[in-house]
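Enquirer: sequence-free structure coming up:
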DNA sequence: TTCAATTCCTAGTAATTCAGTATGTTTTAA
DNA sequence: TTAAAACATACTGAATTACTAGGAATTGAA
């Protein structure tokens, strides 16, 4: 189950992409639009910032903006930055953790497959696609 | 993240399938092979039993056996019975829960897709396949 | 009929995680 | 100088996890 960190991270990135105009966007504004407290947003966004997906500016008129184009950021990037990992079980990478004696090694390949389909999916969806979809949902999918 | 309930449920079903000979298998034996306490196994297996995947017999020489052929049980059946749901976020089915005012409705389709790829995967793997794979891993994949 | 072995049922519990609040500090532009 | 913002860390109540504990009911065998 994805926690609020992951869900909010996705919403924040979509919000920043939607309202980007080159200027820094204050968390106060994101907070008002997404109805999430500024204080909690600070924690969520710091994960995205440290992961290199954002540029930040402190002080008056400061805020955040995307460090990359929305087409160069995937939902997988965002969710892994916020959640740490999307792995369904522990010990998928560091195989030595599960020795031959561990009976659960018989399900290791099953869990690796599980992990694969998840990552293939989230890596296939870009932030740009999410923003485009949001615009369709809002009924603004006309050409200016 | 799948909890021990789901992971153990999978191991228990594989174990029962591997050691099935028509007789009831006592949890004591599964416990010894899988190195999980009988007391905890009781809780895990009761979920599988209630879901209709097992037949049980109480009393002396009692135990459990599969109620269906391993080819008619999927990993999805087992995991959903043990975990309750594999949904990545809440509110995917009961869409009215997320109203239009909820900003997170913009990500609803993304999460539905996420849920889809998970369920398609786990539904595509049968208990029979898991047992076959376990036999290959054990080096017993020869024909008698 | 008794006994041991089993499933079945419910409660308890220590540790961890979750979903935030709270309280600052540092930085920046006006 | 000041207000507004990011940044950092600690705290907290509630829920969840991963079990253990203690029994009650059932069954076959002695």
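Expert: Sure thing, it's come through. As the structure is a computational prediction, the values presented were derived from the model and not from experiment.
Enquirer: In chain A, where is pLDDT below threshold?
Expert: Scanning chain A for pLDDT under 70 picks out A:94-103, A:141-144.
Enquirer: buried ones in the longest helix along it?
Expert: Assignment by DSSP state H gives helix A:108-124 as the longest helix of chain A. The neighbour-count check on helix A:108-124 (16 or more other C-beta atoms under 10 Å in any protein chain shown) flags A:108, A:110-111, A:113-115, A:117-119, A:121-122 as buried. Every residue, glycine included, has its C-beta placed from N, CA and C.
Enquirer: Mind putting these into a markdown table with distance to residue B:31?
Expert: Formatted as a markdown table, the buried residues of helix A:108-124 follow (distance: C-beta to C-beta, whole Å):
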| residue | distance to residue B:31 |
| --- | --- |
| A:108 | 21 |
| A:110 | 22 |
| A:111 | 22 |
| A:113 | 28 |
| A:114 | 26 |
| A:115 | 28 |
| A:117 | 32 |
| A:118 | 31 |
| A:119 | 34 |
| A:121 | 37 |
| A:122 | 37 |
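Enquirer: could you pull out the helices for chain A?
Expert: Using DSSP H, helices in chain A cover A:4-18, A:27-34, A:38-50, A:75-83, A:108-124, A:127-137.
Enquirer: quick one: which of those helices is nearest DNA strand D?
Expert: For those, the distance to DNA strand D is smallest for helix A:27-34, at 3.6 Å, taking C-beta to the nearest atom of the strand.
Enquirer: helices or strands next to the closest one in the packing?
Expert: Applying 3 or more C-beta pairs under 8 Å, 6 or more residues apart in numbering or on different chains; DSSP states H and E, we find helix A:27-34 packed against helix A:4-18, helix A:38-50, strand A:63-66.
Enquirer: of the ones you listed, which approaches residue B:56 most closely?
Expert: Minimum separation from residue B:56 across the helices and strands packed on helix A:27-34 (C-beta to C-beta) falls at helix A:4-18, 39.2 Å.
Enquirer: need the contact list for the residue nearest the centre of chain A.
Expert: In chain A, the residue lying closest to the centroid (C-alpha atoms, centre = their mean) is residue A:78, at 2.1 Å. If you count contacts by C-beta atoms under 8 Å, 6 or more residues apart in numbering or on different chains, residue A:78 has them with A:6, A:9-10, A:13, A:48, A:53, A:127.
Enquirer: 7 Å instead?
Expert: Counting by C-beta atoms under 7 Å, 6 or more residues apart in numbering or on different chains, residue A:78 touches A:9-10, A:13, A:48.
Enquirer: Make a markdown table from these and add neighbour count and distance to chain B to it.
Expert: Converted to a markdown table, the contacts of residue A:78 look like this (neighbours: other C-beta atoms under 10 Å in any protein chain shown; distance: C-beta to the nearest C-beta, whole Å):
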| residue | neighbour count | distance to chain B |
| --- | --- | --- |
| A:9 | 27 | 11 |
| A:10 | 25 | 6 |
| A:13 | 26 | 10 |
| A:48 | 23 | 15 |
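Enquirer: Of the residues you listed, which is the nearest to residue B:65?
Expert: Nearest member of those to residue B:65, counting by C-beta to C-beta, is residue A:10, at 45.0 Å.
Enquirer: so what's the closest one up against?
Expert: A:75, A:78-79, B:107.
Enquirer: These into CSV, with extra columns for distance to DNA strand C?
Expert: Converted to CSV, the contacts of residue A:10 look like this (distance: C-beta to the nearest atom of the strand, whole Å):
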residue, distance to DNA strand C
A:75, 18
A:78, 15
A:79, 13
B:107, 15
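Enquirer: Distance check, residue A:17 against residue A:35.
Expert: The gap separating residue A:17 from residue A:35 is 18 Å, by C-beta to C-beta, to the nearest Å.
Enquirer: Neighbour count: these two, which is higher?
Expert: Each of residue A:17 and residue A:35 has its neighbours counted (other C-beta atoms under 10 Å in any protein chain shown); residue A:17 has more, 19 against 11.
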